[in-house]
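[1] What follows is a predicted protein model with its sequence.
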Amino acid sequence: LWYANNRFNSMKLVLPLMGCGIGGLEKISVVKTYETFFNRDIDMNCEVVIYGYTAEDYNLIVQIIKGT
């Protein structure tokens, strides 16, 4: 899959809220870190899907990413 998408300079990446379980990281901090990292100006198209386990996770992710 990576090779096929790399030919077109695009890819899809799915990430959970890493470190927020037994790692003890705050969900808000992790989502903001993702937002900062993936909003950089880079020469590649990358669709990023952030996976939240609950409806509350989803609402938090949408709130932070959309800036509401």
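    That came through fine.

[2] Around Asp57, how many other residues sit close by?
    By other Cβ atoms under 10 Å, 17 other residues sit near Asp57. For the C-beta atoms, the positions are set from N, CA and C on the backbone; glycine is no exception.

[3] Mind telling me what element it is part of?
    Here Asp57 is covered by helix 55-66, with elements defined by DSSP states H and E.

[4] and Gly67, how many neighbours does it have?
    Burial of Gly67 is recorded as 6 neighbouring residues (other Cβ under 10 Å).

[5] What of Tyr34?
    18.

[6] Remind me which helix or strand the closest residue to it other than its chain neighbours belongs to.
    Closest residue in space to Tyr34, ignoring its immediate chain neighbours: Ile50 at 5.9 Å, by Cβ to Cβ, 6 or more residues apart in numbering. Using DSSP H and E, Ile50 maps to strand 45-51.

[7] Specify the angle between that strand and helix 55-66 in degrees.
    Calculated by axes from the mean of the first three to the mean of the last three Cα atoms, to 10 degrees, strand 45-51 forms an angle of 150 degrees with helix 55-66.
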